[in-house]
Structures are given as C-alpha cells and as structure tokens.
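J.: Have a look; sequence and predicted model below, questions after that.
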Amino acid sequence: MTEHVRVAVIGSGFGGLGAAVRLRREGITDFVILERASSVGGTWRDNSYPGCACDVPSHLYSFSFAPNPDWPRTFSGQEHIRAYLEHVTDVFGLRPHLRLDSEVLRMTWDARELRWDVETSAGRWFADVVVSATGPLSDPKIPEIPGLDSFPGKVFHSARWDHDADLAGQRVAMVGTGASAIQIVPALQPEVSRLTLFQRTPPWVMPRVDRAISGAERALHRALPVTAQARRGLLWGIRELQVQAFTKRPNQLGLVEKLARQNMGRAIKDPALRARLTPDYRIGCKRILLSSAYYPALAQPNVDVVASGLSEVRGSTLVAADGSEAEADVIVFGTGFHVTDMPIADRVVGAEGRTLAESWKDGMEALRGASAAGFPNWMTIIGPNTGLGNSSMILMIESQLNYLADYLRQLDVLGGRAALDARPGAVHAWNRRVQDRMRRTVWNTGGCTSWYLDANGRNTTVWPGTTSEFRRATRRVDLAEYEVLRAPAAPAGTRTADSEVTA
C-alpha cells in the first residue's frame with residue numbers, strides 16, 4: 001500500500017521532532033515521521049556510551065516551546081536528554097505520526113506529479129514536501145585500518161556502544177580524542193586494567209563547570225517559568241558575545257588558550273605527557289571540549305597516551321603511525337561521523353536525475369542552510385553551514401523551523417499543485433557570502449584540520465555568525481530566490497498517479 005502525505009519528515013532527533021511540532025502548530029496534521037530505528041531520539045538515542053552528556057547547558061539545549069524546569073544537572077546526561085525527547089513526543093501528540101523501523105532507502109522527485117516518491121524499508125510513501133532531519137552526527141565513521149579484521153576482540157564505535165562487552169579488567173584501546181572520547185576515557189579508566197589512547201591530534205579542553213540543580217531551583221522554575229526563561233536568556237547572551245572572537249578576531253582567544261593550558265597543568269604534572277597533550281593550533285579551530293575529568297584520568301598509571309594515530313592491527317597488537325605498539329583486548333573508535341559526506345545524500349534523487357551527493361560533489365551548499373538547487377520541496381534541518389562552535393544547535397534548528405513554516409505558507413498562497421526549487425544563482429550567492437565571511441574565522445585560520453572541513457578543505461559545516469543573525473536570515477522565504485514549479489496539465493481522460501494512491 002502506498003500512502004500520500006503532505007509532508008514526510010525523515011528522522012526523529014531534535015530536528016525531526018521539532019519539525020513535527022512546528023507542523024502541528026501550523027495546523028498541518030497530514031505528515032509522517034520516518035525513523036529507521038525503533039524509538040525516537042536521534043543522536044541521543046544512538047550515543048549511549050559511558051559518561052555521555054551534553055557540552056551545552058541543559059536550559060539552552062532544549063526547545064524554547066518545551067521548557068523543562070526539572071533538568072537534574074547544569075549539563076545533563078544522555079539519559080535525561082533522551083527522556084526529554086520522549087516527553088516532547090508525548091506532550092505534542094507525535095506518536096500517531098511516527099513510522100518506526102522505516103529506514104529511507106531512496107527518495108525520488110517526480111517532476112510530473114510534483115511530489116517525492118519515498119521508498120522505505122517498511123513501505124512506500126508519496127509526499128508533497130520532504131523535511132530531511134537525519135542530522136550530521138548520525139552515521140559513524142570508522143577509518144580503514146589494515147589488519148583490523150584480524151583483531152580477535154570486540155571492536156565498536158562510540159555511537160554504537162556494545163553494552164554486552166564486559167570491559168572490567170580488560171586492555172582497552174580508545175582511538176580518537178574528540179568530544180565522545182574525552183567523556184569515555186574518565187568513565188573507563190577506573191574499570192579497565194590498561195587504557196591506551198591513540199591521539200592523532202590533541203584537543204583543547206576547558207573545565208566543565210557542572211553541578212546538580214537543586215530542588216529549590218527546580219521548584220522556582222516550575223512556579224515561575226520566567227526564571228527559567230531568564231536563565232536561558234543569560235546562557236544565550238553570553239555565547240552570542242563570544243562569537244566575534246571566533247568569527248572576526250581569533251587573536252582574542254589567546255586568554256582562553258592560557259586558561260586551557262592552566263587547566264591541563266593542574267592535572268598533568270609530567271612535562272613529557274603535557275607536551276604530547278598540548279595542541280599546536282589556535283584554540284577554537286577545533287571545537288573546544290569541556291571536561292574536568294579527562295586530564296586527571298590521563299595522569300593515572302594505567303593510562304598510556306600514544307601521540308599518533310592507529311595505522312595497523314596485527315592480531316591483538318595495535319601499531320601506531322609512529323611505530324609504537326600496544327596490546328589490546330577491545331578497540332573503541334571515537335572517530336566521528338560522516339558529516340560532509342552524509343550517506344543520506346546518496347539516496348536523494350532530484351529533478352535532473354542526479355543524487356544530492358552528485359550535486360554536492362564539490363562541496364555541500366544550500367540556500368539559507370535549507371534548500372538545494374534541483375531538489376524542489378526538499379528541505380534539510382541542520383544543513384550546510386548551520387553548525388555552531390560555541391552555542392546550542394537547538395537555536396539554529398528553531399530558526400530553520402521558522403523558515404520551514406513560511407515555506408509551507410508560501411506554497412499555500414501559491415495554491416494548486418506547486419513546488420519551490422531554489423535558484424542555482426541564489427544558492428551560489430548565499431554560499432559565496434558565507435564563505436567570504438568564513439575566511440577570517442578561527443575555523444579557517446587556526447591552523448588545524450577538523451571535521452568542519454570537507455575533502456577540498458572548505459568549511460561547509462559551521463555558521464560564521466551569531467544565532468540571532470541566522471534567525472533574521474531565515475525569518476521568511478524570499479520567493480525571488482526560488483523558481484515556482486507548476487504541475488503540467490494532464491491530457492483529458494488520463495489516469496494520474498494520484499488516482500491509484502490508497503490512503
């Protein structure tokens with residue numbers, strides 16, 4: 001059976017659930033949420049590794065339309081964030097729209113019918129509009145390492161944690177030093193017999209000033225919601241003021257770098273280890289990581305820091321690029337995700353028969369981070385150049401939801417069977433402005449190689465401005481930036497595909 005809906009939302013993380021709530025608030029109930037897993041939560045469902053928590057304060061890392069006065073900590077853990085998303089799903093009545101265990105295999109634009117043909121593992125859908133909210137941190141990336149298949153023990157990625165693996169007393173190798181690794185290392189260190197950290201590039205780490213939120217504070221937020229709003233506003237404002245140092249005046253980050261060195265020095269007394277852990281690039285070039293437990297864990301006698309990436313596996317012997325060797329019983333990869341080469345792009349086929357991956361072969365670009373030329377009535381949440389280096393992605397998501405809402409309103413105003421396709425010139429002009437602003441940022445000038453950059457060395461990931469600037473840029477749809485498509489008239493007596501759809 002094939003069903004026809006007005007909107008198909010792909011993914012049920014913050015982006016997908018936020019889009020669904022916005023659709024209902026706009027009076028649109030003819031939509032489905034297609035989710036490949038068996039529950040909602042996105043990256044906060046998938047990442048359940050020991051120590052997993054957010055590095056953005058909870059009162060800012062939540063929807064403005066769904067405040068939570070009962071966050072237990074200033075930086076809440078994965079289990080609390082996932083529970084929050086389940087709560088949002090229930091409160092806003094999204095369960096009837098969910099289609100779980102429905103992985104999108106392919107979606108193809110039908111130029112005649114002006115709709116998307118969406119094939120999933122659980123059936124087929126026709127949708128007038130597709131909202132792709134698969135997220136950039138959803139598909140883990142494990143590097144190709146010679147001999148990895150010969151490793152006799154367990155191997156898994158941090159985003160696919162093997163909870164059946166008993167790591168107590170084991171020799172564990174942690175590959176990578178990103179945001180996940182600095183949480184995993186302190187959680188595992190007391191449990192394992194030896195922990196070997198393969199560090200290709202050291203991160204800058206600042207203390208995470210985390211604490212339990214008292215019962216009195218939570219009671220106050222419940223009784224006077226304005227106090228929680230004020231708390232959120234303060235957290236937002238501080239981060240807005242920090243943006244210029246990242247985007248226009250990277251030299252101002254020198255003081256932050258000094259504080260990070262002091263943070264390391266307090267825990268790492270061995271000069272040789274401190275040298276291995278000190279980055280050679282400007283702080284902020286890679287995401288600044290927050291942890292008060294990472295450096296103390298690395299200073300423990302059962303931890304070895306190998307200042308080189310893993311290059312080869314010979315049975316249970318792991319060989320680093322510098323030639324050093326270590327024995328391991330388990331390998332955990334904290335090596336990031338397919339961000340600039342998202343697998344979903346291979347499954348989206350646009351108006352010209354090209355996939356989104358083919359369209360983006362020279363780099364991702366989308367009008368206002370949402371619309372790609374040649375892909376009518378298709379919008380992405382957390383699209384190209386919408387990422388942040390210092391604040392909450394929920395702010396960016398909500399801005400994109402404003403844009404989505406106006407996009408659907410414009411289609412209503414146009415009336416009949418219509419579609420909007422971003423003009424190539426508008427997409428390129430938007431991207432040129434973004435890339436021009438990117439040149440001065442710490443992400444481009446800081447002297448590092450990061451996951452923000454694509455294979456061509458271009459930053460197609462981060463937004464080079466404040467969240468308020470992005471909100472202004474996405475407040476409404478400018479129809480001059482789009483081509484309006486109309487369905488061709490069917491010859492008299494022709495049976496259309498719509499007449500064959502079973503609702």
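T.: Yes, it's here. Residues are numbered from 1 along each chain as shown.
J.: Would you mind writing the CA trace of stretch 198-216 as CSV?
T.: Taking C-alpha atoms only, stretch 198-216 is exported to CSV below (Å, rounded to 0.1, in the frame of the first residue of the first chain):
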residue,chain,number,x,y,z
PHE,A,198,45.6,6.8,20.3
GLN,A,199,45.7,10.5,19.8
ARG,A,200,46.2,11.8,16.3
THR,A,201,45.6,15.5,17.3
PRO,A,202,45.2,16.7,20.9
PRO,A,203,42.2,18.8,21.7
TRP,A,204,41.9,22.0,23.8
VAL,A,205,40.0,21.1,26.9
MET,A,206,38.4,23.5,29.4
PRO,A,207,36.8,22.6,32.7
ARG,A,208,33.2,21.6,32.6
VAL,A,209,31.6,23.5,35.5
ASP,A,210,28.8,21.0,36.1
ARG,A,211,26.7,20.7,39.2
ALA,A,212,23.4,19.3,40.4
ILE,A,213,20.5,21.7,40.0
SER,A,214,18.9,22.0,43.5
GLY,A,215,15.4,21.1,44.3
ALA,A,216,14.7,24.7,45.3
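J.: Can you point out the buried residues in it?
T.: For stretch 198-216, burial by neighbour count (16 or more other Cβ atoms under 10 Å) applies to 198-208, 210, 213. Backbone N, C-alpha and C define where each C-beta goes, glycine included.
J.: Can you add secondary structure and pLDDT and give the residues you listed back as JSON lines?
T.: As requested, the buried residues of stretch 198-216 are exported to JSON lines (DSSP: H, G, I helix; E, B strand; the rest coil; pLDDT from 0 to 100):
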{"residue": "F198", "secondary structure": "strand", "pLDDT": "98"}
{"residue": "Q199", "secondary structure": "coil", "pLDDT": "97"}
{"residue": "R200", "secondary structure": "coil", "pLDDT": "95"}
{"residue": "T201", "secondary structure": "coil", "pLDDT": "96"}
{"residue": "P202", "secondary structure": "coil", "pLDDT": "97"}
{"residue": "P203", "secondary structure": "coil", "pLDDT": "97"}
{"residue": "W204", "secondary structure": "coil", "pLDDT": "98"}
{"residue": "V205", "secondary structure": "strand", "pLDDT": "97"}
{"residue": "M206", "secondary structure": "strand", "pLDDT": "96"}
{"residue": "P207", "secondary structure": "coil", "pLDDT": "95"}
{"residue": "R208", "secondary structure": "coil", "pLDDT": "94"}
{"residue": "D210", "secondary structure": "coil", "pLDDT": "95"}
{"residue": "I213", "secondary structure": "coil", "pLDDT": "97"}
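J.: Could you give me the buried positions within the helix or strand that contains D412?
T.: Here D412 sits within helix 393-414, counting by DSSP states H and E. Neighbour-count burial for helix 393-414, counted by 16+ other Cβ under 10 Å, picks out 393-401, 403-408, 410-411.
J.: other SSEs contacting it?
T.: helix 14-25, strand 123-132, strand 378-380, strand 418-422, helix 467-473 (3 or more Cβ pairs under 8 Å, 6 or more residues apart in numbering; DSSP states H and E).
J.: To R82, which of those lies closest?
T.: Judged by Cβ to Cβ, the one of the helices and strands packed on helix 393-414 that comes nearest to R82 is helix 14-25, at 11.0 Å.
J.: after the closest one, next one along is what?
T.: Next element after helix 14-25 (DSSP H and E): strand 31-34.
J.: Quickly note the distance from T445 to G334.
T.: As defined by Cβ to Cβ, to the nearest Å, T445 lies at a distance of 26 Å from G334.
J.: okay, those two: which has more neighbours?
T.: Applying other Cβ atoms under 10 Å to T445 and G334 shows that G334 carries more neighbours, namely 23 against 15.
J.: Enumerate every residue touching that one.
T.: Counting by Cβ atoms under 8 Å, 6 or more residues apart in numbering, G334 touches 157-158, 174-178, 180-181, 184.
J.: Most widely separated two among those residues?
T.: H157 and T177 (14.8 Å).
J.: got any ranges where the protein has weak pLDDT?
T.: Within the chain, the stretches with pLDDT under 70 are 1, 489-503.
J.: Helices along the stretch 151-300 of the chain, start to end?
T.: If DSSP state H, counting those that start in this stretch is used as the criterion, the helices of the stretch 151-300 of the chain fall at 181-188, 215-223, 225-247, 254-267, 271-277, 294-298.
J.: Those: which one's closest to Q78?
T.: Of those, nearest to Q78 by Cβ to Cβ is helix 181-188, at 9.5 Å.
J.: what about the closest residue in space to G446 that isn't next to it in sequence, distance to G178?
T.: Nearest residue to G446, sequence neighbours excluded (Cβ to Cβ, 6 or more residues apart in numbering): C285, at 2.6 Å. Using Cβ to Cβ, we find C285 at a distance of 14 Å from G178.
J.: Would you map out the domains in this protein?
T.: 2-139+338-490, 148-209+235-330 (automatic domain parsing).
J.: possible to save those domains as TSV with distance to T227?
T.: Listed next are the domains of the chain as TSV, based on distance: least, Cβ to Cβ, whole Å:
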stretch	distance to T227
domain 2-139+338-490	9
domain 148-209+235-330	13
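J.: L220 is nearest to which of the ones you listed?
T.: domain 2-139+338-490 (8.3 Å).
J.: picking up where we left off before, of all the helices of the stretch 151-300 of the chain, which one is nearest C52?
T.: Using Cβ to Cβ, the nearest of these to C52 is helix 181-188, at 6.0 Å.
J.: buried residues in the closest one?
T.: Applying 16+ other Cβ under 10 Å to helix 181-188 flags 181-186, 188 as buried.
J.: Kindly report the same for stretch 121-130.
T.: By neighbour count on 16+ other Cβ under 10 Å, the buried set for stretch 121-130 is 125-130.
J.: same check, this time on stretch 426-434
T.: Quick answer for stretch 426-434 (16+ other Cβ under 10 Å): 426-427, 430-431, 434.
J.: Return the member of those nearest to A351.
T.: V427 (13.8 Å).
J.: Contacts for the host helix or strand of that closest one, please.
T.: Using DSSP H and E, V427 sits within helix 424-438. If you take Cβ under 8 Å, 6+ apart as the criterion, helix 424-438 is touched by 247, 365-368, 371-374, 384-385, 444, 458-459, 462-465, 480-482.
J.: H4 bridge partners, please.
T.: With DSSP bridges as the criterion, H4 is bridged to F126.
J.: Can you get me a residue count around it?
T.: Neighbours around H4, by other Cβ under 10 Å: 16.
J.: what's the answer for L60, then?
T.: 20.
J.: my read: it touches I394, true?
T.: Yes: counting by Cβ atoms under 8 Å, L60 does reach I394; the two are 7.3 Å apart.
J.: T380 pairs with what?
T.: Under the criterion used here (DSSP bridges), T380 is bridged to S132.
J.: In contact with it, which residues?
T.: By Cβ under 8 Å, 6+ apart, T380 lies in contact with 131-133, 366, 369-372.
J.: S359 - how many residues pack around it?
T.: 18.
J.: Kindly report the same for A223.
T.: Neighbourhood size, A223 [other Cβ under 10 Å]: 9.
J.: what's the spacing between it and H157?
T.: 43 Å.
J.: returning to what we had before: for my notes, please list the buried residues of stretch 198-216 in TSV and give distance to V243 for each entry.
T.: As requested, these are exported to TSV (distance: Cβ to Cβ, whole Å):
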residue	distance to V243
F198	33
Q199	29
R200	28
T201	24
P202	25
P203	21
W204	18
V205	21
M206	17
P207	21
R208	21
D210	23
I213	27
